[in-house]
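> Quick check, what structure comes out for this input:
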Amino acid sequence: MTTVSAETIQVKAYSLSELARIYGVDWRTFKKWLKPFEKEIGEKQGRYYNIPQVKVIFDKLSLPSAILA
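The predicted model follows:
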């Protein structure tokens, strides 16, 4: 289970559903958010986005509101 606090978030490999949970949206919505950035993000490695991909996602979508509070 992924834990998100108001101050920190761990940069590690995440699945699509884990990232969607962090951003507080359904995985289908999150997938649509990623669509414009597919080339920059690249393909998942199996079920997971690797650390460099997660950094790109955080950069493109900004940090989740859960940690900006």
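> which residues touch the closest residue to Tyr23 other than its chain neighbours?
In space, Tyr23 comes closest to Pro64 once its chain neighbours are excluded; the distance is 4.9 Å by CB to CB, 6 or more residues apart in numbering. For every residue, glycine as well, the C-beta is placed using N, CA and C. The neighbours of Pro64, taking CB atoms under 8 Å, 6 or more residues apart in numbering as the test, are 4, 9, 22-24, 58.
> Closest one of these to Asn50?
Using CB to CB, Phe58 comes nearest to Asn50 of the contacts of Pro64, at 13.1 Å.
> Specify the local secondary structure of Ala20.
Here Ala20 is recorded as helix under DSSP: H, G, I helix; E, B strand; the rest coil.
> just to revisit the earlier point, which of the contacts of Pro64 has the most neighbours?
Ile22 (23 neighbours; other CB atoms under 10 Å).
> Help me confirm that that residue comes into contact with Ser15.
No: if you go by CB atoms under 8 Å, Ile22 and Ser15 don't touch, sitting 10.7 Å apart.
> Check what pLDDT Lys49 gets.
No Lys there; residue 49 is Tyr. Among the per-residue scores, Tyr49 holds a pLDDT of 97.
> what is it paired to in the beta sheet?
Beta-bridge partners of Tyr49, counted by DSSP bridges, are Tyr14.
> list the contacts for it?
For Tyr49, the contact set (CB under 8 Å, 6+ apart) comprises 13-16, 19, 41, 57.
> Verify the assumption that Glu43 is located in a helix.
No: when the secondary structure is assigned by three-state DSSP, Glu43 falls in coil instead of a helix.
> Tell me how many other residues surround it.
Neighbours of Glu43 under the rule other CB under 10 Å: 8.
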